[in-house]
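1. missing the sequence, but the structure's below:
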């Protein structure tokens, strides 16, 4: 027996029974939101700075390797600055959730991602200034 209609919809047609479920945004971690702005998370960069991410406790930590050749007073000042811990707040979490995906656009990034990036640049500046002062034979005050 043949039927004049097909009970199967065409392949390109969606069939929805009842209300469709709302789309669920994936749960991107802290690492995912930082990796597009700071490419080598977890690795030491050329200046001696790295970013460590703690997904469980919700923070990023900026660490530095201090050259042994620096004077003790300079090392003490830098030790007081490092490591820096930046908390991933509920506001940042909501911002990233509303955005829906990690971004490399500085304007769209959360305050958390911007702060981590700014602290990395600040750490670079501090280390370079300390090394330059030492190379010139001048005292450095951070």
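-> Sure thing, it's come through. In this text, all values refer to a predicted model and were calculated from it rather than measured experimentally. Numbers count the residues shown, from 1 in each chain.

2. For the residue positioned nearest the centre of the chain, what is the enclosing helix or strand?
-> Residue closest to the average C-alpha location in the chain (Cα atoms, centre = their mean): residue 34, at 2.0 Å. Using DSSP states H and E, residue 34 sits in helix 30-35.

3. Determine the set of other helices and strands touching that helix.
-> Helix 30-35 sits against strand 49-54, strand 59-64, helix 111-135, with contacts defined as 3 or more Cβ pairs under 8 Å, 6 or more residues apart in numbering; DSSP states H and E. Just so you know, the C-beta spots here come from the backbone N, C-alpha and C atoms, and that holds for glycine as well.

4. one more time with 7 Å
-> strand 49-54, helix 111-135 (3 or more Cβ pairs under 7 Å, 6 or more residues apart in numbering; DSSP states H and E).

5. any chance of these in CSV, plus mean neighbour count, distance to residue 72 and mean pLDDT?
-> Putting those into CSV (neighbours: other Cβ atoms under 10 Å; distance: least, Cβ to Cβ, whole Å; pLDDT from 0 to 100) gives the following:
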stretch, mean neighbour count, distance to residue 72, mean pLDDT
strand 49-54, 19, 21, 90
helix 111-135, 17, 11, 92
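
6. can you redo those as JSON lines with distance to residue 65?
-> Below are the helices and strands packed on helix 30-35 laid out as JSON lines (distance: least, Cβ to Cβ, whole Å):
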{"stretch": "strand 49-54", "distance to residue 65": "8"}
{"stretch": "helix 111-135", "distance to residue 65": "9"}
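
7. so which of these gets nearest residue 83?
-> strand 49-54 (8.1 Å; Cβ to Cβ).

8. which residues touch the closest one?
-> 30-31, 34, 38, 41-44, 60-64, 116, 120, 123-124, 127 (Cβ atoms under 7 Å, 6 or more residues apart in numbering).

9. Under the pLDDT cut-off, which ranges of the chain? List them.
-> Filtered on pLDDT under 70, the chain yields the residue ranges 1-28.

10. circling back to that earlier point, run the chain-centre distance for the helix holding residue 34.
-> 4 Å (Cα atoms, centre = their mean, to the nearest Å).

11. follow-up on the earlier one: looking at the helices and strands packed on helix 30-35, which is closest to residue 82?
-> Residue 82 lies closest to helix 111-135 among these, at 7.2 Å (Cβ to Cβ).
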